[in-house]
Each structure stands twice: as C-alpha cells, then as structure tokens.
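Participant: show me the folded form of this:
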Amino acid sequence: MAPSGTSHATADHMTAVSRELSSASTALANEFVRQYVSTTDSGSVDRQAPVEAFEMAVHVIDLCANGLVDRPPSGGSSPGGMPATGPPSGRGARMALQGKPVAEAVEWLRLLERVVTDHVLAHATGGMDEIRAVLGKLAELFDVLCTRELESFTATYNELAGWQARVSTDLLSCLIAGPVVDASTVNDQARMLNINPHQRFRAVAAYHDPAPTSQQWVRARRRIMEVLWRHDPRREILLRERRGLLLALVPIERAGPGLVDLLTTMLDGEPGRALFVSAGEPGQSLSAAGHSCRQALSALEISIYRDQRGQVTQCTDVILEVLLAHNRWVSKRLIETRIGQLVEKPHLLDTLRVYIACDMALQRTAEELVVHPNTVAYRLRQIATLTGRDMRRITDIGDLNVALMAFDAIQMRRDREEARTDLRARLFA
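Facilitator: Got it, this is the predicted structure:
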C-alpha cells in the first residue's frame with residue numbers, strides 16, 4: 001500500500017522506482033564497489049573488502065526498494081515505513097574497534113546514496129514532483145541508516161572506552177602495588193590496549209588545589225592531556241584519575257621537547273596557580289615502571305606539603321625527602337638526636353628553616369621573618385644551645401637541614417594516616 005497523503009501518481013512512481021532498484025541491485029552494487037575501492041587507500045584494502053562492500057550494497061539497496069513502498073523486509077518495519085534493520089555489516093562498530101574516525105562509519109553509506117540517486121535520476125520517467133518525492137524518501141531512508149551506524153559506533157566506542165579504562169586501571173594498580181609484577185602479564189595487557197610495553201615509561205602526577213568543581217577539573221585536565229598528547233601523539237598513555245588528582249604513565253622516547261619541559265611551559269600560565277605536578281624516574285619498560293608511579297606520588301605529596309605549586313617537582317629534586325618519608329624509624333631518630341629540643345618551640349624551627357633558606361645570612365633572615373636582626377641572633381644562640389651545633393659551620397647546618405626534612409616527612413606521614421594527603425588511596429579507592 002502506498003504511503004498515506006501521497007498522490008496516486010507519486011505512489012505509482014515510487015512503486016516503479018522500487019521495482020527498478022530491485023532489478024538493478026546487482027549492477028548498482030558493482031558500481032558502488034568500483035567507486036568505493038577506488039576511493040580507499042589501496043594499501044589498506046584486503047581481498048575480502050570488495051566482496052563485503054558488494055554484500056552491504058545489495059542489502060541496503062533492498063532496504064531502499066522496500067522502504068519506498070513501505071514494504072517491510074524480513075526484519076519488519078518501524079513507524080513511518082523506515083527499515084527496522086540496518087546494514088548487517090556492523091561497520092560502525094568495527095570502525096570504533098579499529099580506532100577509525102567516526103566519519104568512516106557512514107561515508108560508505110553516503111557514497112552508496114550518491115550511486116542510487118544518480119541511477120534514479122538517470123532513469124527518471126515521472127514529473128518533477130514525483131522525482132522530488134522519491135529523492136526525498138531515499139534521503140530519509142539513508143539518514144535513518146546513517147543514524148543507526150553512528151549509534152552502533154557510539155555504543156561500541158563507549159563500551160570499548162569503559163573496557164580500556166578498566167584494563168588501564170587494573171594495570172596501573174598492579175604496577176603501583178609494590179611487589180614485583182609478572183612481566184608477561186603486564187605485556188599481554190599492554191598489547192590489548194595497543195601499547196608497546198618494551199619502551200621506557202615515566203610517571204607524571206598532578207593535583208588541583210583548592211578542590212575543583214567538575215567544570216574546573218575538566219579545564220585543568222584538558223590542559224594536562226593536551227601536553228601529554230603533544231608529547232606522545234601515538235597516545236600510548238596509561239591514565240588513572242579522580243576529580244582533582246591524575247596519574248599518567250607516559251612513554252618518553254618521543255621526538256620533540258621533553259615531557260618535563262612541556263609541563264613546565266604549561267605551568268608558566270594560568271594552570272600553574274592551581275596545579276601541583278610531579279614526575280618519577282623513568283622505568284626501562286612498562287613492567288618496571290611501578291617505581292616511577294610511586295616516586296611521582298611521593299614527590300607530589302612533598303610538593304603539596306611545601307606548597308610548591310606551579311612547577312614540576314621531580315623525584316630527584318626531593319630524593320632525600322622521599323627516602324625519609326618511606327623510612328619512619330630513620331626519620332624519628334634524626335629528629336630525636338638533632339632537633340628534638342626544638343620540636344616544642346615552633347618559632348625556633350621556623351627561624352632555623354628561614355636561616356638555612358637564606359644561606360645563613362642574618363640580615364636576609366630578619367627581613368623574611370619581619371623581625372629585628374638582634375632577635376634572629378638571639379634565636380640562633382638558643383638553637384645552638386639546645387642542639388649543640390655551631391650555627392656558622394656548614395656541616396652542622398647541613399645536619400640540621402636533614403633533620404628538618406625528617407620532621408616534614410613525619411608530618412606528611414601523619415597527614416596520610418589521617419587521610420588528608422594519601423594520594424594513592426584516593427586514586428584507587
């Protein structure tokens with residue numbers, strides 16, 4: 001039965017075009033294959049491609065012929081006479097699985113639409129109104145088919161992205177756990193993600209302070225990922241994030257500026273006011289990169305504690321603090337034997353810190369503390385008496401500086417135990 005609301009002449013013309021398309025389906029499919037293969041990179045076409053393209057074209061032409069007269073194919077029909085079943089190729093899903101652009105999921109349908117339309121125009125026998133109605137119906141049918149391919153692409157892409165995120169998270173969790181990992185297991189999972197596991201990887205961690213809103217984190221994350229993707233156009237990056245916190249394992253053997261240089265340049269701008277960024281030491285392969293993740297997170301905790309935002313804190317910059325943070329007994333003994341008498345006197349600890357930071361210059365220390373130089377001199381005498389150290393000897397000052405680092409390490413550990421800065425727990429909770 002012809003679609004309601006159409007004239008008898010239009011309905012008759014659509015029926016005639018439907019019969020013509022059915023009888024010419026093989027010739028049209030062959031023409032489509034010829035054009036389709038010629039417009040595809042010959043190096044990427046396998047022997048099965050022409051056969052597959054032919055079968056897809058025959059099926060779609062049949063759907064169009066049936067759709068013109070609202071005759072349901074074997075799969076039934078949807079409201080409005082649209083075909084209920086799309087192309088059996090699942091091309092949209094395959095394009096998503098192969099990492100191809102979304103346009104490739106529908107461009108073959110648009111090419112076939114041109115072939116069918118050209119055939120209809122070349123064999124037109126009715127008036128302009130009838131031809132216009134047929135072309136409009138064909139365009140509507142192809143729009144439905146394209147929408148279904150795009151839906152197939154989107155569904156597969158989202159499912160794949162979720163799967164990749166789960167595998168990536170499991171892989172990072174395994175690497176960061178601490179015990180030696182089975183290299184073959186890591187390598188197999190990496191290959192599933194299309195990542196070469198035999199290259200050098202380096203961990204990068206970033207923390208947003210204050211706690212960002214969703215919109216703020218989206219902007220900050222985009223800036224970070226732009227830098228990482230610029231460094232690694234192949235995108236062989238493992239990523240784990242929570243709002244305000246990100247850990248990435250990045251291949252480092254890439255042409256162009258180094259990763260740390262790119263991050264430093266980014267932090268020179270507006271993101272530097274809210275971001276703490278750190279980097280671990282490179283691992284020789286993916287299976288050996290777990291230590292880089294742990295180093296990056298430890299360096300990030302130290303960077304946050306010291307309020308070193310707007311710069312890249314490398315593990316080697318704070319290597320002593322990292323060692324002390326992971327050896328509580330050594331840290332406590334350094335504090336007890338060197339600055340134990342100062343712990344209950346915060347003003348003396350602050351004076352000692354500033355004095356060391358100012359290269360033992362008394363006048364500069366007074367300016368930083370906004371006190372009289374005589375006050376600084378008096379406090380330094382108190383420190384010398386309580387610690388038994390000479391405040392003018394480099395070796396004694398160095399010893400006290402290590403003790404201050406140990407004091408900071410203990411404080412950071414206390415913060416972690418109180419769940420304030422346990423970044424690893426926050427990432428993998």
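Participant: just read off the phi/psi values of the spatially closest residue to Ser285 that is not a sequence neighbour.
Facilitator: Nearest residue to Ser285 in three dimensions, chain neighbours excluded: His198, at 5.5 Å (C-beta to C-beta, 6 or more residues apart in numbering). Just so you know, the C-beta spots here come from the backbone N, C-alpha and C atoms, and that holds for glycine as well. Backbone torsions of His198, given as degrees, to the nearest 10, read phi -100, psi 20.
Participant: tell me the first helix or strand C-terminal of the helix or strand containing Leu323.
Facilitator: Leu323 belongs to helix 319-325 when elements are defined using DSSP states H and E. For helix 319-325, the following helix or strand on the C-terminal side (DSSP H and E) is helix 328-334.
Participant: now that following helix, how far from the centre of its chain.
Facilitator: 39 Å (C-alpha atoms, centre = their mean, to the nearest Å).
Participant: still on that earlier bit, thought the residue nearest to Ser285 was touching Ser287?
Facilitator: No. Proximity of His198 to Ser287 does not meet the contact threshold set by C-beta atoms under 8 Å, at 9.2 Å.
Participant: which one of the two is surrounded by more residues?
Facilitator: Ser287 (22 against 12; other C-beta atoms under 10 Å).
Participant: would you agree that one is in contact with Val186?
Facilitator: Yes. In this structure, Ser287 is within contact of Val186 by C-beta under 8 Å, at 4.2 Å.
Participant: anything in contact with each of the two?
Facilitator: Applying C-beta atoms under 8 Å, 6 or more residues apart in numbering, one finds that Ser287 and Val186 are jointly contacted by Leu175, Pro197.
Participant: ok, the residue nearest to Leu300 when sequence neighbours are not counted - contacts?
Facilitator: Of all residues not flanking Leu300 in the chain, Ser278 sits nearest, at 4.0 Å (C-beta to C-beta, 6+ apart). With contact set as C-beta under 8 Å, 6+ apart, Ser278 has these partners: Val204, Ala205, Ala206, Ala296, Leu297, Ala299, Leu300, Ser303, Val312, Thr313, Gln314, Cys315.
Participant: kindly recompute the last result at 7 Å.
Facilitator: Ala205, Ala296, Ala299, Leu300, Ser303, Val312, Thr313 (C-beta atoms under 7 Å, 6 or more residues apart in numbering).
Participant: and the helix or strand harbouring the fourth one, what does it pack against?
Facilitator: With the criterion set as DSSP H and E, the secondary-structure element containing Leu300 is helix 290-305. Counting contacts by 3 or more C-beta pairs under 7 Å, 6 or more residues apart in numbering; DSSP states H and E, helix 290-305 is packed against helix 128-176, strand 201-208, strand 245-251, strand 275-279, strand 312-314, helix 319-325, helix 394-417, helix 423-427.
Participant: out of those, which is the most enclosed?
Facilitator: Neighbour counts (mean count of other C-beta atoms under 10 Å) averaged over each of those peak at strand 275-279, with a mean of 27.
Participant: direction included, what does that strand pair up with?
Facilitator: Sheet pairing for strand 275-279, assigned by DSSP bridges, gives strand 201-208 (antiparallel), strand 312-314 (parallel).
Participant: any residues touching the last one, and which ones?
Facilitator: Spelled out, it's strand 312-314. With C-beta under 7 Å, 6+ apart as the test, strand 312-314 has contacts from Val260, Leu263, Thr264, Leu267, Val277, Ser278, Ala279, Ala299, Ile302, Ser303.
Participant: tell me the pLDDT at Gly40?
Facilitator: One thing to correct before we go on: residue 40 is Thr, not Gly. Per-residue pLDDT puts Thr40 at 59.
Participant: if you could redo that for Thr125, that was the one I meant.
Facilitator: 80.
Participant: is it true that it lies in a helix?
Facilitator: No. Under DSSP: H, G, I helix; E, B strand; the rest coil, Thr125 sits outside any helix and is assigned coil.
Participant: that one and Ser22, how far apart?
Facilitator: For Thr125, the distance to Ser22 equals 16 Å [C-beta to C-beta, to the nearest Å].
Participant: more neighbours: which of the two?
Facilitator: Remark: of Thr125 and Ser22, Ser22 carries more neighbours, 14 against 10, as counted by other C-beta under 10 Å.
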